[in-house]
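Below: sequence and its predicted model.
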Amino acid sequence: MKPWSKGGEAQAKRRLDRLFSELILFRDHRLCQWCKRATDEDGKKLKVDNSHIIPREVLRLRWDERNSVAVCFRHHKSRGFWSWHSNPLLAAQWIRKLLGDTHCDELLRVAQEPYEFTFEEFLRIERLLKQRLLTLSSATLLASAIGELCPLPSSLLPQ
Ligand SMILES: [Zn+2]
């Protein structure tokens with residue numbers, strides 16, 4: 001295993017963070033998973049971010065899809081009752097309801113496994129994330145192509 005070059009590890013993390021964030025936002029259709037909205041009351045686009053369930057400092061799960069959800073600023077980082085970061089009691093209740101106890105318990109278990117972020121591991125994760133993004137985006141393209149190619153003719157619709 002080769003040691004990281006100077007600054008290499010930080011650069012690798014930023015690279016994976018960007019890719020990962022794109023993947024989560026794409027997977028969750030850029031909708032806040034808490035309020036299921038993409039726009040506010042005035043129709044203004046909400047700022048939706050990738051949010052880790054187990055903190056991103058736990059590298060074992062930092063780029064693991066099971067450990068992230070898209071959340072809007074209000075439900076992510078604002079201060080007060082409705083915020084993921086400000087209200088841990090509500091946050092835990094919400095995420096357990098959204099993903100189920102089995103999923104959440106598995107995250108807690110995996111987070112404690114020994115883990116080393118090596119260059120080889122960086123390459124493996126990057127490959128995986130790119131592949132996953134490609135699969136998701138081709139599925140979306142395919143779905144929209146099928147929809148466009150085979151629209152229902154109005155003559156087929158019941159009166
Ligand atoms: Zn929200």
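Now that the structure is in, tell me what you want to look at.

Just the element for Val69, please.
Using DSSP states H and E, Val69 falls within strand 68-72.

Which neighbouring elements make contact with that strand?
Under the contact criterion of 3 or more CB pairs under 8 Å, 6 or more residues apart in numbering; DSSP states H and E, strand 68-72 touches helix 8-27, strand 48-52. To be clear about C-beta, it is placed using only N, CA and C from the backbone, and glycine gets the same treatment.

Report the distance from it to the chain centre.
6 Å (CA atoms, centre = their mean, to the nearest Å).

List the buried residues of the helix or strand just after it.
Using DSSP H and E, the helix or strand that follows strand 68-72 towards the C-terminus is helix 73-76. Counting neighbours by 16 or more other CB atoms under 10 Å, one finds that the buried residues in helix 73-76 are 74-76.

which parts of the host helix or strand of Glu148 are buried?
According to DSSP H and E, Glu148 maps onto helix 119-149. Of all the residues in helix 119-149, those buried under the rule 16+ other CB under 10 Å are 121-122, 125-126, 128-129, 132-133.

quick one, what contacts Lys77?
Shown in contact with Lys77 (CB atoms under 8 Å, 6 or more residues apart in numbering): 49, 83-85.

One more pass at 6 Å, please.
Applying CB atoms under 6 Å, 6 or more residues apart in numbering to Lys77 gives the contacts His85.

Which residues of this protein lie near the ion?
When proximity is defined by CB under 5 Å from the ion, the chain lies next to the ion at 32, 34-35, 72, 75.

same thing but 6 Å
Contact residues, the chain versus the ion (CB under 6 Å from the ion): 32, 34-35, 37, 72, 74-75.

Any chance you could list what contacts stretch 4-14?
Counting by CB under 6 Å, 6+ apart, Phe122 sit against stretch 4-14.

Average pLDDT for that stretch, rounded please.
Mean per-residue pLDDT for stretch 4-14: 94.

how about it: buried residues?
Result for stretch 4-14 [16+ other CB under 10 Å]: buried residues 12-13.
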